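**Q** Next comes the sequence, and after it the predicted model I'd like to discuss.
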There are 2 protein chains.
Amino acid sequence: MARRTRIRRDGGEGQGPDVASPHVERRLPYFDPLNEEGLARLEAQVDWIMQDVGLEFRDDPEALRLWKEAGAKVEGTRVRAPADWIRDLCLRAPREFTQRARNPARSVTIGGVNQVFAPIYGAPFVRDLAGGRRYGDMESFEKLVKLAWMHPNLHHTGLVICEPCDVPVSHRHLDMVYTHMRWSDKPHLGAITEQSRAQDSVDMAEILHGADVMNEHCVIMGNVNTNSPLLVDKVVTQAIQTYCGRGQGIVVVPFILSGAMGPVSTAASVCQAMAEAMMCCAYAQLVRPGAPFVLGNFLSSMSLKSGAPTFGMPEPVLSNYAIGQMARRVGLPLRCGGSLTASKLEDAQAAYESADSMHSTMLAGAHFVLHAAGWLEGGLCTGFEKLVMDADRLGSYQKVLGGLNVSDEALARDAYEEVKPGGHFLGCAHTMRNYQTAFYEPALSDSENVESWEEGGSLDMRARAYTRWTGMLARYEAPPIDADKDEELRDFIARRKSEIPEAWY
Amino acid sequence: MARRTRIRRDGGEGQGPDVASPHVERRLPYFDPLNEEGLARLEAQVDWIMQDVGLEFRDDPEALRLWKEAGAKVEGTRVRAPADWIRDLCLRAPREFTQRARNPARSVTIGGVNQVFAPIYGAPFVRDLAGGRRYGDMESFEKLVKLAWMHPNLHHTGLVICEPCDVPVSHRHLDMVYTHMRWSDKPHLGAITEQSRAQDSVDMAEILHGADVMNEHCVIMGNVNTNSPLLVDKVVTQAIQTYCGRGQGIVVVPFILSGAMGPVSTAASVCQAMAEAMMCCAYAQLVRPGAPFVLGNFLSSMSLKSGAPTFGMPEPVLSNYAIGQMARRVGLPLRCGGSLTASKLEDAQAAYESADSMHSTMLAGAHFVLHAAGWLEGGLCTGFEKLVMDADRLGSYQKVLGGLNVSDEALARDAYEEVKPGGHFLGCAHTMRNYQTAFYEPALSDSENVESWEEGGSLDMRARAYTRWTGMLARYEAPPIDADKDEELRDFIARRKSEIPEAWY
């Protein structure tokens, strides 16, 4: 039974990840929050933004040239275009595509019935129970990549799992990409912050995977934010040109806190996010028809008291659901949500907010979930304990996504022949046949009675998580890599580091 | 705007609860996990259990007589009946009904688009940050009832918010019911453990509300478990006779841990729960056609290692969704789910499990949610901090249930005239018109930056929750009560206590 191997206990018993868990195949329906009338109103708004309001494409004359040539209405840097045409361009992107990993068993399919979980991206700080809160560094970065690789419920290692702040900014992308390539064999992202860094990432992927494979397959992707509201700068257009130009994938993500980068309204912000991402998808299809594109969305609310961003609140829960429904109509793979929280530590607030955020992410049908594990402090801090705590819960979501088994065996009629009213099913034949695969067995939830729990030291989940991740790292053994390719990667990095002046900004 | 008053900040600023928040009106669709084929398979299984397997009705000859007289197939204590007939009987129960509170502003409607949240029921232990874990007593019971009354996100106070273990078991129901009647004016439940205690509860309700009101309205309900699998004892049938016989409501809840009281299969356990509850609903309609009935469901999984019950896991998440879809087809108000966890304290495990449990409870469309706040340790312990932490999150669910606002004002087109690409919406006219009601503002989530949080003492959510509930109790002022009725209630209790020998079991 395929599902039995896919939904494994939260692993890490061996030295590497669970080979059978490359991603999740969804059998559960989606949750659609909008009726036809509501959906039509929101789609009309998206069209209005694309046609009448338009987006600015700044600092990249090549982008404006391409838009003009294709027939868009370009005035200065403002680009407007007929909505039908943008929607047609979006249809050129694949509804699903595979990102090949260097270990084929870990390749992931993004789109369709598949959901791919990746860890937090972009935090300058890290935090763990022993070391407290501190700036991220290369040592933490490497440990976190290893943990993401080992954890069976993470299918993709992302890129900036924390900022390695002890490496010059101008060289950092080289060390980050190499760490993912060398100490993990799961798929990952490349850099986007400058075009040369995106190019270095793509060049390194070509070394690792070979030009032939890269010509035919997506082996690396970039993940880039628009400058909401309605502004696309050259970081975005050049990342699209670099990744999509080489036939690779791109995730474009409007980052909107409603009230700041979008109106103080969930519906309006969702429409703006759709319009921004769809225009970027259309642009990517002008650069290269058929380029893998993931429609991104990062939308949250803010505190009325302080203006600080808030996470796991009802407004982003609703926006996850709405964006899922709208993205399915456009036919694009979706990135949204994650295990998000504003909490500074791994307390109940962090878990309530992360769970509501992630539950909606799951039912909304997000195909690629960055920030699925490890996020703290509004994304400013990667938690070692939080990483394995969230990932433990991802196993539960995977099982939910598998849907309800309604087979004859699941209906268990023979059990009712054997067990009489008032009896119990503990030892009956049906139970003996099924109990081993019946329930998700989390690694970090304690279900013992209070006496046993006290005998074990009254540990809370955070303390158990510390034991878990340190134990995983102690068992880590690197996946094998072709020695020639490894040397070629190291040579490339050495050459590029000698060419690029060290810079810390 | 009705919603504006309904979705209030998490209150407790005044001495009493938020008058405008009696319950939640749902505008969000339901999440249906089953396709037509799956639903048909499960419904056929429910019918098979009712028709071919049957339920035992034990220790209550009156119940068997009633079934026989009505035309069911009764063999010994086994009752089987045509599924169509049971479904028809279920249709006699109202799809929604109002439980009147002694303060009419706090009456709740159960069923339809309404969702009513009530606290934990039945825990022998209590726990708080200052006092630790201990047996429940009357002092804790009274405090918890006051907190449930004050909290705007709880609409109903339930009954056994903890076991007051310092009161003799035989007298306990009298003190519990009186505490709810005197120190709260929200609706509550009555006792069910023995027919005389159910009768005392109904008699006290008659004193408080008056016979005339009680003849016309539901003012009290009982909540009772079947003895799963497939066994209904006299506690259930006599509770139905006592409550429904007097035109009052009853909640009947199969309590099933899959693998023990049901097969080790979520689908089979859901069907068994439906069959048990529907047979009890049919019985209630034989006792009194039109009696308010809530189809209950309490279904969870267990640890494969220890056999201990587990909560917030994928199997009960799926069962919440499935039972919601099936209950809507039968046309009965539903009780399921809650903020459930196996954790011993208010840590991240408690919050992850409670949130996944409650998120699914909400989307599944549960109308009456017992255990919506305060549950710890698999229901063995009521947490004072957990009560206000869960209740804070209930405010978020209330806002989600309100659905996505897609009005012209929500689409904010004027904001795009005012704010240019790359600008911000912080001070624009649309923001100024809407910011005060745009976002749910939780009382217990901290969204400050890490520096401000550290200056405030680096408090986790549990510590903030302690401050909150102690502060609420310090502000408590009892709701007014008619002095004659209060005296009559006290006289009734004194008389009954003199009649009933003290017993501690």
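**A** Looks like it arrived, so ask away.

**Q** Name the helix or strand of chain A that has the lowest mean pLDDT.
**A** helix A:2-6 (a mean of 33; mean pLDDT, DSSP states H and E).

**Q** Stretch A:158-172 close to chain B?
**A** No - Stretch A:158-172 is not in contact with chain B by C-beta under 8 Å from any C-beta of the partner chain; minimum separation 15.3 Å. C-betas here are computed from N, CA, C, even on glycine.

**Q** oh, I was asking about stretch A:117-135
**A** Yes - residues of stretch A:117-135 contacting chain B under C-beta under 8 Å from any C-beta: residue A:133.

**Q** Give me the number of neighbouring residues for the spatially closest residue to residue A:444 that is not a sequence neighbour.
**A** Counting by C-beta to C-beta, 6 or more residues apart in numbering or on different chains, residue A:392 is the residue found nearest to residue A:444 once chain neighbours are left out, at 4.4 Å. For residue A:392, the neighbour count with other C-beta atoms under 10 Å in any protein chain shown is 24.

**Q** Just after the helix or strand hosting residue A:242, pick out the following helix or strand.
**A** Using DSSP states H and E, residue A:242 sits within helix A:234-245. Counting by DSSP H and E, the element after helix A:234-245 in chain order, helix or strand, is strand A:249-253.

**Q** Which neighbouring elements make contact with that following strand?
**A** strand A:221-225, helix A:234-245, helix A:266-287, strand A:293-296 (3 or more C-beta pairs under 8 Å, 6 or more residues apart in numbering or on different chains; DSSP states H and E).

**Q** what about the helix or strand following that strand and chain B, touching?
**A** Sequence order places strand A:255-257 as the next helix or strand after strand A:249-253, per DSSP H and E. No - Strand A:255-257 stays out of contact with chain B when judged by C-beta under 8 Å from any C-beta, the minimum separation being 9.4 Å.

**Q** Within the sheet, what are the partner strands of strand A:255-257, with directions?
**A** strand A:298-302 (parallel) (DSSP bridges).

**Q** what's the offset of the strand it pairs with from the middle of its chain?
**A** On the basis of C-alpha atoms, centre = their mean, to the nearest Å, strand A:298-302 sits 16 Å off its chain's mean C-alpha point.

**Q** The spatially most central residue of chain A and residue A:133: what is the separation?
**A** Computing the C-alpha centroid of chain A and ranking residues by C-alpha atoms, centre = their mean puts residue A:370 first, at 1.9 Å. Distance from residue A:370 to residue A:133, counting by C-beta to C-beta, to the nearest Å: 22 Å.

**Q** what sits up against the helix holding residue A:242?
**A** A:57-60, A:62-63, A:190, A:192-195, A:198-199, A:202, A:220-222, A:224-227, A:249-250, A:252, A:280, A:283-284, A:287-288, A:291-293 (C-beta atoms under 8 Å, 6 or more residues apart in numbering or on different chains).

**Q** Buried ones only from those residues, please, as a ChimeraX command.
**A** Here is the ChimeraX command that picks out the buried ones among the contacts of helix A:234-245, judged by 16 or more other C-beta atoms under 10 Å in any protein chain shown:
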select /A:57,58,60,63,190,192,193,194,195,198,199,202,220,221,222,224,225,226,227,249,250,252,280,283,284,287,288,291,292,293
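
**Q** For residue A:38, which non-adjacent residue is spatially closest?
**A** residue B:406 (4.7 Å).

**Q** list the contacts for the one you found?
**A** A:34, A:38, A:41, A:42, A:267.

**Q** still on that earlier bit, what's near enough to touch the residue nearest to the centre of chain A?
**A** So residue A:370 contacts A:118, A:119, A:120, A:121, A:158, A:223, A:251, A:335, A:338 (C-beta under 8 Å, 6+ apart).

**Q** Keep only those of these that are in strands.
**A** A:223, A:251, A:335 (DSSP state E).

**Q** is it true that the first one touches residue A:121?
**A** Yes - in this structure, residue A:223 sits in contact with residue A:121. The criterion is C-beta atoms under 8 Å, and the distance is 6.8 Å.

**Q** hey, what's in contact with both of these two?
**A** Between them, residue A:223 and residue A:121 share the contacting residues A:158, A:159, A:189, A:370, judged by C-beta under 8 Å, 6+ apart.

**Q** rewinding a little: look at residue A:223 and residue A:121 and report which has more neighbours.
**A** Using other C-beta under 10 Å as the criterion, residue A:223 and residue A:121 rank with residue A:223 on top: 26 against 19.

**Q** re the thing from before, separate out the buried members of the shared contacts of residue A:223 and residue A:121.
**A** A:158, A:159, A:189, A:370.

**Q** residue contacts, the residue lying closest to the second one once chain neighbours are set aside?
**A** Which is residue A:159. Nearest residue to residue A:159, sequence neighbours excluded (C-beta to C-beta, 6+ apart): residue A:189, at 3.9 Å. Residue A:189 sits next to A:121, A:158, A:159, A:220, A:221, A:222, A:223, A:251 when contact means C-beta under 8 Å, 6+ apart.

**Q** and of those, the nearest to residue A:416?
**A** Nearest to residue A:416 among the contacts of residue A:189 is residue A:158, at 48.1 Å by C-beta to C-beta.

**Q** now that closest one: how far from residue A:51?
**A** For residue A:158, the distance to residue A:51 - C-beta to C-beta - is 35 Å.

**Q** Tell me which helix or strand the nearest residue to residue A:317 once chain neighbours are set aside sits in.
**A** Using C-beta to C-beta, 6+ apart and skipping residues adjacent in sequence, the residue nearest residue A:317 is residue A:360, 4.4 Å away. With secondary structure defined by DSSP H and E, residue A:360 is part of helix A:348-364.

**Q** mean confidence for that helix?
**A** When pLDDT is averaged along helix A:348-364, the result is 98.

**Q** Next: stretch A:69-82.
**A** pLDDT averaged over stretch A:69-82 gives 98.

**Q** Do you know the pLDDT at the closest residue to residue A:56 other than its chain neighbours?
**A** Closest residue to residue A:56 apart from its sequence neighbours, by C-beta to C-beta, 6+ apart: residue B:421 at 4.0 Å. Predicted confidence (pLDDT) for residue B:421: 97.

**Q** In terms of helix, strand or coil, where does residue B:421 fall?
**A** coil (DSSP: H, G, I helix; E, B strand; the rest coil).

**Q** Isn't it up against residue A:233?
**A** No - shown here, residue B:421 and residue A:233 do not form a contact pair, counting by C-beta under 8 Å, at 10.4 Å.

**Q** Compare the two and say which is more crowded by neighbours.
**A** Legend: neighbour count by other C-beta under 10 Å for residue B:421 and residue A:233, higher for residue B:421 (21 against 18).

**Q** okay, the helices and strands packed on strand A:249-253 in a markdown table with mean pLDDT and distance to residue B:379 next?
**A** Converted to a markdown table, the helices and strands packed on strand A:249-253 look like this (pLDDT from 0 to 100; distance: least, C-beta to C-beta, whole Å):
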| stretch | mean pLDDT | distance to residue B:379 |
| --- | --- | --- |
| strand A:221-225 | 98 | 43 |
| helix A:234-245 | 98 | 51 |
| helix A:266-287 | 98 | 35 |
| strand A:293-296 | 98 | 41 |
